[in-house]
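Asker: fold the following, please.
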Amino acid sequence: MERVVARVRRHARMLILPAVLLIATAGVATYALAALPEPWQRIAVGGVAVLVIVFGCVLPLLAWLTRRVTVTTRRIILRSGVFARVRQELLHSRGYDVTIRRTWVQSAFGSGDVRVNTGHDHPVVIRDVPGPFQLQSALEELMEHSHSIIAERRRAEQSMADGDTVVWGGR
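Answerer: Model prediction:
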């Protein structure tokens with residue numbers, strides 16, 4: 001039975017700049033709409049304000065909301081994409097190496113980049129995770145648990161092949 005262990009997004013500090021931009025745009029646009037005498041100038045200011053809000057605030061929020069990492073008892077699922085959805089899965093049973101990289105800003109906010117090296121050309125990097133050390137320890141525990149289950153199955157299959165008697169319901 002597969003259970004969800006954690007759902008993780010990037011640290012919410014990524015939304016500070018879009019929030020400040022939204023407040024500044026609303027203030028400047030309100031002042032400009034009240035101060036400008038011509039209707040075409042008001043329409044131009046309103047149009048620019050809408051474009052700044054859409055591209056500077058709404059799209060970054062959507063990008064933040066659609067990037068998600070789900071850790072289950074069997075795998076890591078990485079989902080991303082606003083207009084085109086991308087899904088990537090890493091099984092714990094395959095084995096990997098987990099490292100953490102933190103900048104001084106990430107250390108101040110208690111976040112970090114979790115790097116999952118699967119042995120392929122490019123490692124999977126879960127960027128700016130809040131509480132990276134908890135995620136690292138959870139991934140290591142899940143990987144060890146997965147390897148112990150696989151070892152038990154192999155031993156059971158080996159004993160079955162040797163002709164040992166099995167109690168009903170023991171499989």
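Asker: can you get me a residue count around Leu33?
Answerer: When neighbours are counted by other CB atoms under 10 Å, Leu33 registers 14. Placement of C-beta: from N, CA and C, glycine included.
Asker: and the pLDDT at it?
Answerer: Per-residue confidence for Leu33 comes out at a pLDDT of 93.
Asker: what's the helix or strand for it?
Answerer: When elements are defined using DSSP states H and E, Leu33 is found to belong to helix 16-35.
Asker: got the buried residues for that helix?
Answerer: Judged by neighbour count using 16 or more other CB atoms under 10 Å, the buried positions of helix 16-35 are Pro18, Leu21, Leu22, Thr25, Ala29, Ala32.
Asker: which SSE is immediately downstream of that helix?
Answerer: Following helix 16-35 in sequence order, the next helix or strand is helix 39-53 (DSSP H and E).
Asker: report the inter-axis angle for that next one versus helix 16-35.
Answerer: With axes from the mean of the first three to the mean of the last three CA atoms, to 10 degrees defining the directions, helix 39-53 sits at 170 degrees from helix 16-35.
Asker: tell me what helix 39-53 is packed against?
Answerer: Helix 39-53 makes packing contacts with helix 16-35 when contacts are defined by 3 or more CB pairs under 8 Å, 6 or more residues apart in numbering; DSSP states H and E.
Asker: so what does the lengthiest helix in the chain touch, helix or strand wise?
Answerer: Among the segments of the chain that qualify as a helix by DSSP state H, the longest is helix 132-161. Using 3+ CB pairs under 8 Å, 6+ apart as the contact criterion, the elements in contact with helix 132-161 are strand 4-8, strand 68-72, strand 97-101, strand 111-117.
Asker: closest to Gln41 out of the buried residues of helix 16-35?
Answerer: Top of the list for closeness to Gln41, among the buried residues of helix 16-35 and by CB to CB, is Ala32 at 8.0 Å.
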